[in-house]
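Engineer: Below are the sequence and a predicted model; questions follow.
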Amino acid sequence: MKKQENAVLTVVGKNHIGILAGVATAVAEANGNVIEVSQKVMDDFFTMNMLIDVTDLSCTIHQLEENIKASLPETEVHLMHDNIFSAMHSI
């Protein structure tokens, strides 16, 4: 059995209809699975953190990030494997 691999996604931008749906669709199309999501609208800005199971991804994490960016052109999108995320925050 494969060890589960996760990635952390951060999305920030001007709020508009369909941001969460666009991200979830891109993740599903890449055979990823949303584990947990936290979102908030502050004033007119949308912020979201998402934990994604990328164990069986049908593309690279970089390609998934680019697909999400393409569907949300005026939004900041960052996707990072949890090993890198954990290493950056353990110092």
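Structural biologist: Perfect, thanks for sending it.

Engineer: remind me which residues of this protein are low pLDDT?
Structural biologist: Applying pLDDT under 70 to the chain flags residues 1, 85-91.

Engineer: Show me where it has its helices.
Structural biologist: Ranges of helices in the chain, per DSSP state H, are 19-29, 61-71, 82-88.

Engineer: Tell me the buried residues in the second one?
Structural biologist: Buried residues in helix 61-71, defined by neighbour count with 16 or more other CB atoms under 10 Å: 61, 64-65, 67-69, 71. No exception for glycine: its C-beta is placed from N, CA and C like everyone else's.

Engineer: Closest one of those residues to Gln4?
Structural biologist: Ile61 (14.3 Å; CB to CB).

Engineer: Test my guess that the closest one contacts Val54.
Structural biologist: Yes. Here Ile61 reaches Val54: they are 6.1 Å apart, a contact under CB atoms under 8 Å.

Engineer: so what sits against both of those two?
Structural biologist: Residues touching both Ile61 and Val54 by CB atoms under 8 Å, 6 or more residues apart in numbering: 7, 81.

Engineer: hmm, back to that, any chance of the buried residues of helix 61-71 in a markdown table, with distance to Gly13 too?
Structural biologist: Formatted as a markdown table, the buried residues of helix 61-71 follow (distance: CB to CB, whole Å):
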| residue | distance to Gly13 |
| --- | --- |
| Ile61 | 20 |
| Leu64 | 18 |
| Glu65 | 15 |
| Asn67 | 16 |
| Ile68 | 12 |
| Lys69 | 11 |
| Ser71 | 12 |
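
Engineer: From these, pick the one nearest Asn83.
Structural biologist: Nearest member of these to Asn83, counting by CB to CB, is Ile61, at 10.9 Å.

Engineer: Return the residues in contact with the closest one.
Structural biologist: 7, 54, 79-81.

Engineer: That one and Val11: what is the separation?
Structural biologist: 15 Å (CB to CB, to the nearest Å).
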